[in-house]
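Asks: This is a predicted model, with the sequence first.
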Amino acid sequence: MTFARSQKGMSMLGWVVVLTIVAFLASTAFKVGPHYMDYWSLEKSIKSVETDRALGISTVSDFYGHVDKMMTVNGIRDLNLDEALDIKMEGNEFLVHLKYEKREPLIENLDLVAKFDKEFRIRVQ
């Protein structure tokens with residue numbers, strides 16, 4: 001019966017291991033999270049062309065201008081829009097291809113890589 005009393009929880013080594021794992025996961029999330037938030041903002045700005053007719057976007061250069069303006073509003077400064085975004089017009093549709101990757105250093109020579117690749121068909125009028 002005294003055996004159950006002697007077990008009082010995790011040892012100090014156990015807590016250190018758990019805290020190390022939690023710190024590693026939090027560090028990873030804090031490094032990759034902002035890139036996903038930027039991607040979601042870009043995706044929302046691209047889709048807004050179809051839903052918000054008041055924008056009056058009818059050319060490829062208007063589309064680039066709109067996305068560039070939304071990047072400025074959302075504080076996305078470390079992305080080259082000309083390399084990441086490919087827009088073509090087919091009839092009354094924009095074919096938009098958003099493709100880029102972001103790298104964040106993790107430990108020494110290890111990097112976290114977030115790769116974004118999505119195609120959109122945006123109808124106008």
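Replies: Cool, got the structure. Residues are numbered from 1 along each chain as shown.
Asks: CA atoms for contacts and neighbours, from now on please.
Replies: OK.
Asks: dump the residue contacts of Trp28.
Replies: Just to correct that, residue 28 is Thr rather than Trp. Neighbour list for Thr28: Leu106 [criterion: C-alpha atoms under 8 Å, 6 or more residues apart in numbering].
Asks: so how far is Asp82 from it?
Replies: Taking C-alpha to C-alpha, to the nearest Å as the measure, Thr28 falls 28 Å from Asp82.
Asks: now swap in Lys44 and tell me
Replies: Lys44 is 18 Å from Asp82, by C-alpha to C-alpha.
Asks: Looking only at neighbour counts, state which of these two leads.
Replies: Neighbours around Lys44 and Asp82, counted as other C-alpha atoms under 10 Å, are more numerous at Lys44. The numbers are 13 against 10.
Asks: Okay, and the more buried one sits in which element?
Replies: For Lys44, the host element (DSSP states H and E) is helix 12-51.
Asks: for the protein, what helix or strand is lowest in average pLDDT?
Replies: helix 2-6 (a mean of 63; mean pLDDT, DSSP states H and E).
Asks: In the protein, which residue is most central in space?
Replies: By C-alpha atoms, centre = their mean, the chain has its centre lying nearest to Tyr36, at 1.8 Å.
Asks: pLDDT wise, what is it at?
Replies: Per-residue pLDDT puts Tyr36 at 95.
Asks: Please apply the same query to Ser11.
Replies: Ser11 is assigned a predicted lDDT (pLDDT) of 86.
Asks: ok, now the one 5 residues further on?
Replies: Val16 carries a pLDDT value of 94.
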